[in-house]
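Q: no sequence on this one, just coordinates:
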């Protein structure tokens, strides 16, 4: 996941973008969390039949956030949601 983020292979669907805006988060905050944080939970998504990951970390300013993401086609990181904790 980190290698994909470093390569710029991250997709932010409209729903995730709206959730980020709700908590005043930028894409660089999400990327920082993925790069510097840690996976705290792996969840099986029964609807999509795939794994998603909860990543705990910080924004670039040091605020605590969590990111939920999955690996998509060709190992692209697909953001599901991000929120402040």
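A: Thanks, I have the structure now. Everything numeric in this text was worked out from a predicted model, so none of it was measured.

Q: Backbone dihedrals for residue 22, both of them.
A: phi -60, psi -30 (degrees, to the nearest 10).

Q: again, but for the one 4 residues further on
A: When read as degrees, to the nearest 10, the backbone of residue 26 gives phi -100, psi 160.

Q: That one and residue 32 touch, don't they?
A: No: counting by Cβ atoms under 8 Å, residue 26 stays clear of residue 32, with 9.3 Å between them. Just so you know, the C-beta spots here come from the backbone N, C-alpha and C atoms, and that holds for glycine as well.

Q: neighbour-wise, which of those two wins?
A: The neighbour count for residue 26 versus residue 32, taken as other Cβ atoms under 10 Å, is higher for residue 32 (20 against 13).

Q: Name the nearest residue to the more buried one, ignoring sequence neighbours.
A: Nearest non-adjacent residue to residue 32, counting by Cβ to Cβ, 6 or more residues apart in numbering: residue 60, 5.0 Å away.
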